[in-house]
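*Asks:* only geometry, no sequence info:
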Ligand code: GN1
Ligand code: MG
């Protein structure tokens with residue numbers, strides 16, 4: 001089927017006038033669907049190589065968005081702007097199957113934008129508040145009801161073992177180009193279990209987490225730049241609050257793009273880090289335990305290390321997971337993450353001091 005025909009299988013208001021691809025994400029195919037009756041939509045082709053069970057995925061998203069919607073309405077908020085809304089398919093479900101592919105449709109949030117860098121003052125802090133609020137609102141969600149859409153998603157020791165397996169297999173014959181990078185990760189094997197070991201003993205609580213808290217996963221209001229809605233709920237699963245905090249710092253506190261080639265431009269900005277800490281701790285701080293607060297900087301290093309290991313493993317595997325816009329992009333991405341990990345390791349005292357300043 002054509003994409004327009006697929007979009008037409010959903011219960012949209014008005015007629016579809018045009019479709020435009022959105023290229024920001026690395027996983028799903030995403031399109032903006034324009035309609036003539038005032039509401040636009042977001043059509044997504046679910047990447048079923050990665051999300052093996054689109055029905056369970058949809059159950060998670062419906063569960064979380066309806067729960068958030070009820071809370072937002074109770075607080076007097078605007079449900080359609082502050083939470084995502086899945087649109088029903090004319091077949092009664094929420095998915096359109098075309099061959100082996102599955103599609104879903106969301107209402108497009110109007111007057112809001114997602115940014116790939118903190119290009120406007122206060123943007124990063126506002127994203128921190130949005131993710132902090134997200135965590136707060138879901139703190140009493142029945143976590144056991146959620147499906148694990150990608151098992152072991154933020155299990156960093158497992159991600160390093162996967163990297164080791166990719167090194168051994170060297171499927172694409174690229175190990176010769178990245179031995180130093182591989183060594184960097186292998187030297188941090190012991191550190192890799194700092195969070196998972198404490199989750200296992202209960203020293204860190206299990207929470208409902210977003211698990212992909214990049215800046216570009218918050219819609220920002222065009223007029224106020226407030227973070228109004230957290231998007232990309234595919235990886236909402238039980239996890240650690242450190243994952244959510246850490247991934248935000250990894251992506252948003254970097255002074256350069258995730259695939260910057262000139263590593264002299266790549267640093268973890270302590271100004272941006274402080275902005276995020278103030279927003280996140282301000283919004284979610286009361287719900288966090290002392291151990292969680294103590295370990296926030298570890299979360300930032302861990303998520304960066306893990307993501308770097310995943311990019312490098314994908315480079316070694318021949319680029320089978322993350323979408324690429326040019327050859328070698330996964331290696332560039334791995335290198336920026338390495339640079340950021342090394343930078344954060346050297347700034348750890350400063351990062352701890354900033355958390356101390358805001359935890360009260
Ligand atoms: C992927 O598709 P996107 O860009 O939201 C990935 C995240 C990575 C991120 C790196 C399901 O997210 O885990 O941190 O790329 N999502 C999945 O930019 O693997
Ligand atoms: Mg995303």
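*Replies:* Okay, I see it. What you are looking at is a predicted structure, and each value in this text was computed from that prediction instead of being measured. Ligands and ions are numbered 1, 2, ... in the order given.

*Asks:* Would you confirm that residue 136 contacts residue 284?
*Replies:* Yes: if you go by Cβ atoms under 8 Å, residue 136 and residue 284 touch, sitting 5.5 Å apart. Heads up, the C-betas are built off the backbone N, CA and C, glycines and all.

*Asks:* So for the two, which sits in the more crowded spot?
*Replies:* Neighbours were counted for residue 136 and for residue 284 using other Cβ atoms under 10 Å; residue 284 has more, 24 against 16.

*Asks:* In contact with that one: list those residues for me.
*Replies:* For residue 284, the contact set (Cβ atoms under 8 Å, 6 or more residues apart in numbering) comprises 131-133, 135-136, 241.

*Asks:* Which of the residues you listed has the largest number of neighbours?
*Replies:* The residue in those with the most neighbours, by other Cβ under 10 Å, is residue 131 (29 neighbours).

*Asks:* Next one: the residue nearest to the spatial centre of the chain from residue 46, what distance?
*Replies:* Centroid check for the chain by Cα atoms, centre = their mean gives residue 212 as the closest residue, at 1.6 Å. From residue 212 over to residue 46 the distance is 15 Å, taken as Cβ to Cβ, to the nearest Å.

*Asks:* now swap in residue 11 and tell me
*Replies:* Residue 11 is 19 Å from residue 46, by Cβ to Cβ.

*Asks:* Please name the nearest non-neighbouring residue to the closest residue to ligand 1 within the stretch 251-360 of the chain.
*Replies:* Going by Cβ to the nearest ligand atom, ligand 1 is nearest to residue 307 of the stretch 251-360 of the chain, at 4.9 Å. Once flanking residues are discounted, residue 307 sits nearest to residue 337: 5.5 Å by Cβ to Cβ, 6 or more residues apart in numbering.

*Asks:* what's near enough to touch the one you found?
*Replies:* Applying Cβ under 8 Å, 6+ apart, the residues contacting residue 337 are 250, 258, 304-305, 307-308, 311.

*Asks:* Pull up the residues of the stretch 101-250 of the chain that are close to ligand 1.
*Replies:* 212, 232, 234-235 (Cβ under 6 Å from any ligand atom).

*Asks:* can you put these in a markdown table and add pLDDT?
*Replies:* Below are those laid out as a markdown table (pLDDT from 0 to 100):
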| residue | pLDDT |
| --- | --- |
| 212 | 93 |
| 232 | 95 |
| 234 | 96 |
| 235 | 95 |
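
*Asks:* nearest to ligand 2, of those?
*Replies:* Checking those against ligand 2 with Cβ to the ion, the nearest one is residue 232 at 3.8 Å.

*Asks:* For that closest one, which three-state class applies?
*Replies:* When classified by DSSP: H, G, I helix; E, B strand; the rest coil, residue 232 comes out as coil.

*Asks:* ok, the closest residue to it other than its chain neighbours - contacts?
*Replies:* The shortest distance from residue 232 to any non-neighbouring residue, by Cβ to Cβ, 6+ apart, is to residue 217 (4.4 Å). Applying Cβ under 8 Å, 6+ apart, we find residue 217 in contact with 114, 210, 230-232.

*Asks:* Repeat that for residue 360.
*Replies:* residue 285.

*Asks:* And it, how close does it get to residue 92?
*Replies:* According to Cβ to Cβ, residue 360 and residue 92 sit 50 Å apart.

*Asks:* Report how many residues lie close to the residue in the stretch 51-200 of the chain that ligand 1 sits nearest to.
*Replies:* Closest residue of the stretch 51-200 of the chain to ligand 1, Cβ to the nearest ligand atom: residue 150 (6.2 Å). Residues near residue 150, counting by other Cβ under 10 Å, number 14.

*Asks:* And the stretch of helix or strand residue 180 belongs to, what's buried?
*Replies:* Here residue 180 sits within helix 179-186, counting by DSSP states H and E. Under the neighbour-count criterion of 16 or more other Cβ atoms under 10 Å, helix 179-186 has 181-182, 184-185 buried.

*Asks:* Sort out which one of those residues lies nearest residue 145 for me.
*Replies:* residue 185 (34.8 Å; Cβ to Cβ).

*Asks:* just checking, what packs against the helix or strand harbouring residue 70?
*Replies:* Following DSSP H and E, one finds residue 70 within helix 54-74. Applying 3 or more Cβ pairs under 8 Å, 6 or more residues apart in numbering; DSSP states H and E, one finds that helix 54-74 makes contact with helix 79-82, strand 101-107, helix 123-137.

*Asks:* What parts of the stretch 151-300 of the chain come near ligand 2?
*Replies:* The stretch 151-300 of the chain comes close to ligand 2 at residues 217, 232, as judged by Cβ under 5 Å from the ion.

*Asks:* what about stretch 12-24, start to end distance?
*Replies:* 24 Å (Cα to Cα, to the nearest Å).

*Asks:* any idea how far it is from the chain center?
*Replies:* The chain centre lies 23 Å from the centre of stretch 12-24; the measure is Cα atoms, centre = their mean, to the nearest Å.

*Asks:* buried residues in that stretch?
*Replies:* Going by neighbour count (16+ other Cβ under 10 Å), the buried part of stretch 12-24 is 12, 16, 19.

*Asks:* which residues touch residue 61?
*Replies:* Per Cβ under 8 Å, 6+ apart, neighbours of residue 61: 84, 86, 233-234, 236.

*Asks:* related to what we said a few turns ago, please render the contacts of residue 337 as a markdown table that adds secondary structure, distance to residue 60 and neighbour count to the earlier fields.
*Replies:* Output for the contacts of residue 337, formatted as a markdown table (DSSP: H, G, I helix; E, B strand; the rest coil; distance: Cβ to Cβ, whole Å; neighbours: other Cβ atoms under 10 Å):
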| residue | secondary structure | distance to residue 60 | neighbour count |
| --- | --- | --- | --- |
| 250 | helix | 23 | 28 |
| 258 | coil | 26 | 20 |
| 304 | helix | 26 | 28 |
| 305 | helix | 27 | 26 |
| 307 | helix | 22 | 25 |
| 308 | helix | 27 | 26 |
| 311 | helix | 26 | 28 |
